[in-house]
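1. I'd like to go over a predicted model; first the sequence, then the structure.
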Amino acid sequence: MGSGSDVTGVQWWKSSYSDFNSNCVEVAEIGDRLCVRDSRNAELGFLGFTRDEWTAFLEPVSGV
């Protein structure tokens, strides 16, 4: 798990389906990792995954 101090200058994205007041998962590319964090608790850090790990996660949940 990474910490908030690891992400200075990183661009985080969230789904266009998310509105201003909702709880969201944000995604960023940090080095060779795809990272996710809770938008309401960003100070708690993030989880980083390799592209292969991220693809293995997305395939069953997205129907790709």
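-> Looks like it arrived, so ask away.

2. any idea which residue sits dead centre in the protein?
-> residue 36 (1.9 Å; C-alpha atoms, centre = their mean).

3. distance from the chain centre to stretch 51-61, please.
-> In terms of C-alpha atoms, centre = their mean, to the nearest Å, the centre of stretch 51-61 is set 13 Å apart from its chain centre.

4. who's in contact with the spatially closest residue to residue 39 that is not a sequence neighbour?
-> Spatially, and ignoring its direct neighbours in sequence, residue 39 is nearest to residue 24 (4.1 Å; C-beta to C-beta, 6 or more residues apart in numbering). Any C-beta I mention is one placed from the backbone N, CA and C, and that applies to glycine too. Going by C-beta atoms under 8 Å, 6 or more residues apart in numbering, residue 24 touches 14, 15, 18, 38, 39, 40.

5. nearest to residue 59 among these?
-> residue 15 (18.2 Å; C-beta to C-beta).

6. bridged to residue 28, which residues?
-> Per DSSP bridges, the residues bridged to residue 28 are residue 35.

7. from residue 60, how far out is it?
-> Going from residue 28 to residue 60 by C-beta to C-beta, to the nearest Å gives 22 Å.

8. who's more crowded, those two?
-> Taking neighbours as other C-beta atoms under 10 Å, residue 28 and residue 60 compare with residue 28 leading, 17 against 8.

9. tell me the SS of residue 42?
-> Three-state call for residue 42 (DSSP: H, G, I helix; E, B strand; the rest coil): helix.

10. does it touch residue 26 like I think?
-> Yes. Between residue 42 and residue 26 there is a contact under C-beta atoms under 8 Å: 7.4 Å.

11. touching both of those two, which residues are there?
-> By C-beta under 8 Å, 6+ apart, the residues touching both residue 42 and residue 26 are residue 12.

12. the more surrounded of those two?
-> residue 26 (19 against 13).

13. list the contacts of the residue nearest to the centre of the chain.
-> Applying C-beta under 8 Å, 6+ apart to residue 36 gives the contacts 25, 26, 27, 46, 47, 49.
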